[in-house]
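okay, sequence plus prediction incoming.
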Amino acid sequence: MIRIATLNVNGIRSAGSKGLMRWVKRAEPDVLCLQEVKAHEADIPDEMRRPTGLNAVIYAAQKKGYAGTALYSRRKPRRVQLGFGVAEFDNEGRYIEAEFANLTVISVYFPSGSAGPERQASKYRFLDVFLPHLQALRASGREVVFCGDVNIAHKEIDLKNWRSNQKNSGFLPDERAWLTRIFEEVGWVDVFRRLDPRPERYTWWSNRGQAYAKNVGWRIDYQIATPALAARAKSAQIYTKRRFSDHAPLLIEYAGRF
């Protein structure tokens, strides 16, 4: 089995102080994708920069304390690609692609548009340029899974208060239609939903009020795979026993080797 985990850490040092690496040792993912690391490599503690038994790739944003991604793996990738060729988003460290013998794993952090119109415009630019990249990956013939914080809840089942959020970033009609196109036209698969059709299965909760305690959340963290790989998915878990950030880890196990 191949166990893949993804988590928006909302600051890798903060998540580390809350026991993230102790959990990683117990969970034993073969590949761990992190988003919003908010740190340059030199500023990350050694236990997270060079964890025992794991190969680490960290792709920081040029701006300190902002965005960034990381990817850890038990097996060293045979090829690593940082960024997907669009300077606006590569400068923010939003994309790591790791190629192994039998599959490619991507850690990706989509922009959030919740800060205002300027950020929403950036988010739409990202969707526009990321679509042809996903089309090319889909046509490559390789088995691929991209993991990360997509910052979009796809359907009404994917957030608690969908009625009051229809005009808010993360649940706008154009964003949701983009995901529908990825799944229905380009041919990618929402692996979690393939395995778990239940409502109230969320990966992010606002820090306001009692959102976490009341499970008033959103499912915005995904593993999205090519069909043959998605068909090999055997189990999915959103880990909520301990909190490392305002997101929860999503773990999925796939039959096969990487």
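Good, I have the coordinates.

residue ranges of the strands in the stretch 101-250 of the chain, please?
Assigned by DSSP state E, counting those that start in this stretch, the strands in the stretch 101-250 of the chain fall at 104-109, 144-149, 189-190, 204-205, 217-218, 221-225, 233-238, 250-254.

as TSV, those with mean neighbour count and distance to Gly68 would be great.
Using the backbone N, CA and C atoms, a C-beta is placed for each residue, glycine as well. Formatted as TSV, the strands of the stretch 101-250 of the chain follow (neighbours: other C-beta atoms under 10 Å; distance: least, C-beta to C-beta, whole Å):
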stretch	mean neighbour count	distance to Gly68
strand 104-109	25	8
strand 144-149	26	12
strand 189-190	20	25
strand 204-205	22	18
strand 217-218	24	21
strand 221-225	25	16
strand 233-238	16	23
strand 250-254	23	19
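
and of the ones you listed, who's closest to Glu97?
Ranking those by proximity to Glu97 (C-beta to C-beta) places strand 104-109 first, at 4.9 Å.

please enumerate the helices of the protein.
Taking DSSP state H as the criterion, the chain contains helices spanning 12-17, 20-27, 46-49, 87-90, 117-139, 173-181, 191-195, 227-231.

nearest to Arg138, out of the strands of the stretch 101-250 of the chain?
Among these, the nearest to Arg138 by C-beta to C-beta is strand 144-149 (7.6 Å).

which residues touch the closest one?
Strand 144-149 is contacted by residues 4, 6, 8, 33, 35-36, 69, 103-110, 134, 137-138, 191, 204, 220-226, 229, 247, 250 when judged by C-beta atoms under 8 Å, 6 or more residues apart in numbering.
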